[in-house]
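Novice: Provided below for reference: sequence and predicted model.
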Amino acid sequence: MNVKEALNDLRAIRSQLVRSEQVTCYRWATIGFSGVVGVMAAFFQPLFLNDSSRIATDFVGYWMLIATLNMSVIGIEMVSRYAKSSDHARQQTRLAVLDFAPCLIFGVFLTQTLIYQLPEHCSLVPGLWALLFGLGVAASRRRIPGSLIWVSAWYLLAGLSALKYGEPFAAWKMGIAFGGGQLLTAGLLYPHQKGHHA
């Protein structure tokens, strides 16, 4: 075997490792579940948020509860897979979490600031959350299939739309941004993970 063949073999192995890394971080089924929950939460929002005097804090609290539920389901699934994974897969999971964590941490502090110090601006939450989420997906691009860059674009466009259009606390802003974004993510992950298992 000459040097050129050895380098080609190394590139092939590296390419296979990258594909493996991309499909082991997040699972399409749990992401899809979170999308369904987001759409359902948007549909049921009017039933729970009917006091106009508390709409800002109730809106943020309602969607924080939905976000916590979805993150818990995804987190439990990731921890379960982490416990059964190889050292390499565990390292990839840690890196994936570290890639995405800054947008979540910043989102928590930003939301806290809006609620307690700038409550009159809580209507910005859907747009700001979607923008942060889109940036988080973009930051994770090394560990997700290339097609998921469209998910980042979805969240960024949804965030800008939520800031510019519609009623301040309209349910569709969160339903389209997060419900639609998570369902799009699941749809794009499915063929990669199906092929990986095969």
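Specialist: Happy to help now that I have it.

Novice: The chain: strands as residue ranges?
Specialist: Taking DSSP state E as the criterion, the chain contains no strands.

Novice: Where does pLDDT dip in it?
Specialist: 1, 6, 12-25, 194-198 (pLDDT under 70).

Novice: Distance-wise, check Phe109 relative to Tyr155.
Specialist: Counting by CB to CB, to the nearest Å, the separation of Phe109 from Tyr155 is 19 Å. All C-beta atoms are positioned from the backbone trio N, CA, C, and that covers glycine.

Novice: Comparing those two, which shows the higher neighbour count?
Specialist: Tyr155 (27 against 9; other CB atoms under 10 Å).

Novice: Setting aside sequence neighbours, what's the nearest residue to the most centrally placed residue in the chain?
Specialist: Residue closest to the mean C-alpha point of the chain, counted by CA atoms, centre = their mean, is Phe133 at 6.0 Å. Leaving out its chain neighbours, the residue that sits closest to Phe133 by CB to CB, 6 or more residues apart in numbering is Tyr155, at 4.7 Å.

Novice: contacting residues for the one you found?
Specialist: Taking CB atoms under 8 Å, 6 or more residues apart in numbering, we find Tyr155 in contact with Ala130, Leu131, Phe133, Gly134, Val137, Ala177, Gly181.

Novice: Perfect, that will be all.
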